[in-house]
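Asks: With the input below, show me the fold.
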Amino acid sequence: MQKILVANQNIEQNKQFCQYLANDKKLEVIGTTDGTTTLNKYLEIKPNVLVLDSYFDDMNCNEIIDRLSMSIEEKMNCNTILTIDKNKNKNIFLSNTAKIYRVFNKKFDPKDLFDTIKEICNYQKFETLTEYDIDLLLLRLKIALNSNGADYIREAIIQCYYYPYLLKTLDDVFSLISKRHNKTNSSIRSSFRSALEPLNTFKEKIDCPIMKYFNFKDTITPKNFLEISTLYLHIQKNKK
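Replies: Sure thing, here's the model as predicted:
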């Protein structure tokens, strides 16, 4: 169960957010209504996500974030959603931003808040996957790191690593990448296939544990590659 700390001085709004989020039985939702209590409660329960409003009478939200960021571990724990009321915080300035995952300007749709919370929780389920981890694998598989196809492969693997449901429909993965690069799905797919050509050419000679998962009789397709590489990286990164 993920712990969600909702810190908002507006008691009615705090109650509404907590009740809305608590509809998901996988979330344990705790509410606070002042800065001091928020800081103490955070340090006590170590929530997965902090939904922090920008205005409190007793403590500036910047001070809360600064004090939570005193340890390197918490500073790099990007688990805070900041809600800002422009009427009360016209010139808000944040010195520590590494903890902030997203900023919402009021008024916002509570569903967007919920979706962002679930997104953060999904990231936290697995050990962090870096581009360095992926590049080590691609090098062993003879895939050129400086090609456009390799860039698309990295992005696709990261998306599928954290959101395995994307593997059901490869078009969804390509759609995410194509929007980011302003390309068509077909061009992404073509570059992806081209990047896999060395792997298909030398697959019988490549010495890497992942190769035992591939069927050498068939061409390694983008979908096949993503399914196996994502599974492989999960096994490697999340060993107990």
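
Asks: Identify each buried residue in the least confident helix or strand in the chain by mean pLDDT, please.
Replies: The helix or strand of the chain with the lowest confidence, counting by mean pLDDT, DSSP states H and E, is helix 72-75 at a mean of 80. Along helix 72-75, the positions that meet the burial threshold by neighbour count (16 or more other C-beta atoms under 10 Å) are E74. For glycine as for every other residue, the C-beta is placed from the backbone atoms N, C-alpha and C.

Asks: Next SSE downstream of it?
Replies: Sequence-wise, the next helix or strand beyond helix 72-75 is strand 80-84, with elements assigned using DSSP states H and E.

Asks: what secondary structure does F104 sit in?
Replies: strand (DSSP: H, G, I helix; E, B strand; the rest coil).

Asks: what number of residues lie near the nearest residue to F93 once chain neighbours are set aside?
Replies: In this structure, F93 finds its nearest non-sequential neighbour in N62, 6.8 Å apart by C-beta to C-beta, 6 or more residues apart in numbering. A count of nearby residues for N62, using other C-beta atoms under 10 Å, gives 15.

Asks: what's the helix or strand where N62 lies in contact with?
Replies: For N62, the host element (DSSP H and E) is helix 61-68. Taking contacts as C-beta atoms under 8 Å, 6 or more residues apart in numbering, the residues outside helix 61-68 that touch it are 7, 35, 38-39, 42-43, 50, 52-56, 74-75, 80, 82, 92-96, 99-100.

Asks: what about L196, distance to L50?
Replies: Remark: distance between L196 and L50 (C-beta to C-beta, to the nearest Å) = 41 Å.

Asks: and the residue nearest to F93, what pLDDT?
Replies: Predicted confidence (pLDDT) at N62: the value is 89.

Asks: how far away is it from T80?
Replies: According to C-beta to C-beta, N62 and T80 sit 12 Å apart.

Asks: try L50
Replies: Relative to T80, L50 is positioned 5 Å away (criterion: C-beta to C-beta).

Asks: Report the residue spans of the protein with pLDDT below the cut-off.
Replies: 86-92, 239-240 (pLDDT under 70).

Asks: Secondary structure element holding the most centrally placed residue in it?
Replies: To find the centre residue of the chain, average its C-alpha atoms and take the closest one (C-alpha atoms, centre = their mean): that gives Y123, at 4.2 Å. According to DSSP H and E, Y123 maps onto helix 110-125.

Asks: Any buried residues in that helix, and which?
Replies: For helix 110-125, the buried set under the neighbour-count rule, 16+ other C-beta under 10 Å, comprises 113-114, 116-117, 120-121, 123.

Asks: Can you tell me the element the nearest residue to P110 once chain neighbours are set aside falls in?
Replies: Across the structure, with C-beta to C-beta, 6+ apart as the measure, the residue nearest P110 apart from its sequence neighbours is Y20 (4.9 Å). When secondary structure is defined using DSSP H and E, the element that contains Y20 is helix 11-21.
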